[in-house]
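Asker: Pasted the sequence and its predicted model underneath.
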Amino acid sequence: MMSTKCPEILQNCEKYIVDKIIKGDLVGKAQLEASFEYLVKIEDRSNINEKEFDHACGIGIVVTEEEIKTLIDSLFDKFKEEIEEKKWNFDFSALLH
């Protein structure tokens, strides 16, 4: 993915990104894409603020499958009546906000 998705403007940052992947900091597609977004926005890519980079990419944040399941269950419980009433017309994207 790195070679096909990395914006050309970030070619000089590829080693930094690959090092973060090897170190285990960037562990998924969402974090990799966030790293691209962050690096594209900053002006001085030769002096990357690691703390800002890590924060922007969600490095160190771990969410378990159980936590995700619990959150989804609570959202469905919260909107249960409306979901049953509207069925397929319910705006499920509203659960994401």
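Answerer: In hand now; what should we look at?

Asker: lowest confidence element among the helices and strands of this structure?
Answerer: Lowest by mean pLDDT, DSSP states H and E among the helices and strands of the chain is helix 2-5, with a mean of 60.

Asker: mind listing what's buried in whatever helix or strand comes next after that helix?
Answerer: Toward the C-terminus, helix 2-5 is succeeded by helix 14-23 as the next helix or strand (DSSP states H and E). Of the residues in helix 14-23, those with enough neighbours to count as buried (16 or more other Cβ atoms under 10 Å) are 16-17, 20. Backbone N, C-alpha and C define where each C-beta goes, glycine included.

Asker: what does stretch 10-22 rub up against?
Answerer: Contacts of stretch 10-22 with the rest of the structure, by Cβ atoms under 8 Å, 6 or more residues apart in numbering, involve 2, 6, 26, 32, 35-36, 39-40, 45-46, 48, 57, 59.

Asker: Do you know the pLDDT at the closest residue to Asp54 other than its chain neighbours?
Answerer: Excluding its sequence neighbours, the residue lying closest to Asp54 (Cβ to Cβ, 6 or more residues apart in numbering) is Gly60, at 6.4 Å. Gly60 carries a pLDDT value of 91.
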